[in-house]
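Peer 1: pasting the sequence and the predicted coordinates here, then a few questions.
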Amino acid sequence: MKYRHSLLLRWVAALALSALCLGPAVMAQTSNADANNSPALTLNPAVIMVKAKPGQTFSQELTLWNNTIYELRFHMEAQDVVVRDGRRVFVPAGELQGSIARNAVFTEEDLIALPGRSITTRVTVTLPPTPGPRAIACIFMGRSPIATRNALSMTASLGALVTFTVDSDFHLQNDPLQVEVDEDAKTITFREQVRNTGRDPVVPQGVIAVTSEGGALIARVPVEGHRLLPGESSEFTAEHPGLPKAGKYKVTLLMQNESALFSNAAEFSIK
Amino acid sequence: MPRVTRYLTLAAAMLFAPAARAQCLPAVCALAVTIQSDASGIALGGSGSSAATMAFGTMQAYGGTVPTGVTRTVGATNWTISTPFDIKVSCTNLLNLLPCTLIISPTYTLTAQLQSADGTNTWKIGSSTLSSATPLTLATAGTYGNVVPYTFALTIPFTEAAGTISNTINFVAVSN
């Protein structure tokens, strides 16, 4: 029976993995049905995580659905994404030393999306010898003047984020875990400031365990993953609804990134 | 870099690159952006879609008609019209059509940029001025699915002759 369960699990895992790996051709069909539900622009995929060495080439199809009533024109632009003063900044290709966006080539640079139709382009990127940034945005930049007199037109453009792991250099720095008990709202909020001090992007995520003085597990709260580019920091928060009975409690935060696990702990009490 | 040179560079890189190709993992998610009328703002043409228009009709600094939801402010040397509007960015997991929680961070970056330069009038979103040269960052960690209100403002100097004013704001959303 255990063997059967194991086979079933393997089959489900393989199915999920193959769904992830089939690539844009399959995703396009699924997304089109979904995209038809709203008169918006939809881009797929939205994020691509690439592991590559300098000199290696990466290629990916990007598809945009136009479910508006307008015929829309787009120009493909690649921009480097870096963190300056703690904020992500989009820098035109070629401006940065080791620019990756400079080496991005699109099979179609200017595209016209008819109402209800999709457009596809393939981006091919070769990593420079010493890549500076670790992410680029491949943007379908709107170029359609929806002209009406005395009017302001507003168009949306969508960009796919492509992150590059080059050195497998993953380092995180974290502040002490903060616990806030709101007795009026009857919630407990956990906050952890995490900074990416490595050279490559990371997506830390984890779980918080609340235990009593006796060591009994009282609550377990998942901590949602945030992508952090090199130099970027973010506050990871999790909220637990409801308060345990009066007493002292210990909180243990266990987080994982691409290469390691790390933990942090704090204590709080309920009166 | 000229296109021909770029293609040659790419071809050379592909020919002489190490045999192993980069490994990639595309997130199975679709990103969508919609521009909507705000309850207390002007009614947008194409509200709820990715391409909308904000038509003010004929307006003047003194007198005339001010469209519903538009505020007119007259200063010493110029006058301003402003109105709120909403933007929603969503991200859907294509495997189960639920909001993405895996692989994608639960936030996005939103920038805005004027399509054509305007040296006479001042175009703003919130308190920040738009330009055609540099994108203005509106959100660095916007939450998917939230309808976020922004205020658009156009300031027109009294020195400007009467005429038609139009432009396009390009909103760019990128997943974090």
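Peer 2: Nice, I can see it.
Peer 1: contacting residues around residue 176?
Peer 2: Just going to use chain A. A:264, A:266 (C-beta atoms under 8 Å, 6 or more residues apart in numbering or on different chains). Just so you know, the C-beta spots here come from the backbone N, C-alpha and C atoms, and that holds for glycine as well.
Peer 1: chain B was what I was after
Peer 2: A:88, A:161, A:226-227, B:105, B:107-109, B:141.
Peer 1: kindly report the same for A:Thr211.
Peer 2: Neighbours of A:Thr211 in contact, by C-beta under 8 Å, 6+ apart: A:217-218, A:249-250, A:252.
Peer 1: closest one to A:Ile188 out of the contacts of B:Asn176, please.
Peer 2: For these, the residue nearest A:Ile188 by C-beta to C-beta is A:His226; the value is 20.2 Å.
Peer 1: does the closest one belong to a helix, a strand or coil?
Peer 2: coil (DSSP: H, G, I helix; E, B strand; the rest coil).
Peer 1: where's the dip in pLDDT among the contacts of B:Asn176?
Peer 2: Ranked by pLDDT, those bottom out at B:Ser105 (64).
Peer 1: returning to that earlier point: quick one: which of the contacts of B:Asn176 sit in strands?
Peer 2: A:88, A:161, B:107-109, B:141 (DSSP state E).
Peer 1: and those, which are buried?
Peer 2: Neighbour-count burial (16 or more other C-beta atoms under 10 Å in any protein chain shown) applied to the ones in strands among the contacts of B:Asn176 gives A:88, A:161, B:107-109, B:141.
Peer 1: quick check: the farthest pair among these?
Peer 2: A:Leu161 and B:Ala141 (13.6 Å).
Peer 1: residues near the residue in chain A that chain B sits nearest to, how many?
Peer 2: Per C-beta to the nearest C-beta, the residue of chain A with the smallest distance to chain B is A:Ala52, at 3.3 Å. Using other C-beta atoms under 10 Å in any protein chain shown, A:Ala52 is surrounded by 23 other residues.
Peer 1: next one: A:Glu183
Peer 2: Counted with other C-beta under 10 Å, A:Glu183 comes out at 10.
Peer 1: how much space between it and A:Leu177?
Peer 2: 20 Å (C-beta to C-beta, to the nearest Å).
Peer 1: so which elements touch the longest strand anywhere in chain B?
Peer 2: Assignment by DSSP E gives strand B:78-93 as the longest strand of chain B. Counting contacts by 3 or more C-beta pairs under 8 Å, 6 or more residues apart in numbering or on different chains; DSSP states H and E, strand B:78-93 is packed against strand B:29-37, strand B:51-55, strand B:71-74, strand B:107-114, strand B:147-157, strand B:167-175.
Peer 1: so where's chain A uncertain?
Peer 2: A:1-38, A:145-150 (pLDDT under 70).
Peer 1: please disregard the earlier target; I meant chain B.
Peer 2: In chain B (pLDDT under 70), the answer is B:1-29, B:93-105.
Peer 1: what helix or strand is residue 39 on?
Peer 2: No chain specified, so I'll use chain A. Using DSSP states H and E, A:Pro39 sits in no helix or strand.
Peer 1: excluding covalently adjacent residues, which one is nearest to it?
Peer 2: B:Ser49 (3.9 Å; C-beta to C-beta, 6 or more residues apart in numbering or on different chains).
Peer 1: please give the number of neighbouring residues around the one you found.
Peer 2: For B:Ser49, the neighbour count with other C-beta under 10 Å is 24.
Peer 1: that one contacts B:Val33, correct?
Peer 2: No. The criterion here is C-beta atoms under 8 Å, and B:Ser49 misses it with B:Val33 at 9.7 Å.
Peer 1: quick check: neighbours shared by those two?
Peer 2: By C-beta under 8 Å, 6+ apart, B:Ser49 and B:Val33 have these common neighbours: A:Ala40.
Peer 1: all helices of the stretch 1-150 of chain A, in order?
Peer 2: A:2-21, A:24-35 (DSSP state H, counting those that start in this stretch).
Peer 1: before we move on, back to that, so which of the ones in strands among the contacts of B:Asn176 comes closest to B:Ser90?
Peer 2: B:Tyr108 (9.3 Å).
Peer 1: quick check: bridge partners of that closest one?
Peer 2: B:Gly142, B:Ser175 (DSSP bridges).
Peer 1: what do you get for B:Ser82?
Peer 2: For B:Ser82, the beta-bridge partners are B:Thr71, B:Ala153 (DSSP bridges).
Peer 1: now for B:Ser128: which residues touch it?
Peer 2: The neighbourhood of B:Ser128, defined by C-beta under 8 Å, 6+ apart, consists of B:Leu136.
Peer 1: distance of it from B:Ser82?
Peer 2: Distance from B:Ser128 to B:Ser82, by C-beta to C-beta: 13 Å.
Peer 1: tell me where the stretch 1-150 of chain A has strands.
Peer 2: For the stretch 1-150 of chain A, the strands defined by DSSP state E, counting those that start in this stretch occupy A:41-44, A:47-51, A:57-66, A:72-84, A:87-92, A:104-106, A:110-113, A:117-126, A:135-142.
Peer 1: which bits of the stretch 101-250 of chain A sit near chain B?
Peer 2: A:102-103, A:105, A:109, A:124, A:126-127, A:137, A:139, A:141-161, A:203, A:224-227, A:234 (C-beta under 8 Å from any C-beta of the partner chain).
Peer 1: out of the residues you listed, which end up buried?
Peer 2: Buried by 16+ other C-beta under 10 Å: A:102-103, A:105, A:124, A:126-127, A:137, A:139, A:141-144, A:146, A:151-161, A:203, A:225-227, A:234, out of these.
Peer 1: quick one: closest of the helices and strands packed on strand B:78-93 to A:Asn264.
Peer 2: strand B:107-114 (22.2 Å).
Peer 1: quick one: that closest one to strand B:29-37, angle?
Peer 2: 50 degrees (axes from the mean of the first three to the mean of the last three C-alpha atoms, to 10 degrees).
Peer 1: which residues sit against strand B:107-114?
Peer 2: A:88, A:90, A:226, B:31, B:87, B:89, B:91, B:123, B:125, B:130-132, B:134-144, B:167-176.
Peer 1: just checking, what packs against the first helix or strand past it going along the chain?
Peer 2: Going down the chain from strand B:107-114, the next helix or strand is strand B:122-125, by DSSP H and E. Packing contacts for strand B:122-125, counted by 3+ C-beta pairs under 8 Å, 6+ apart, involve strand B:147-157, strand B:167-175.
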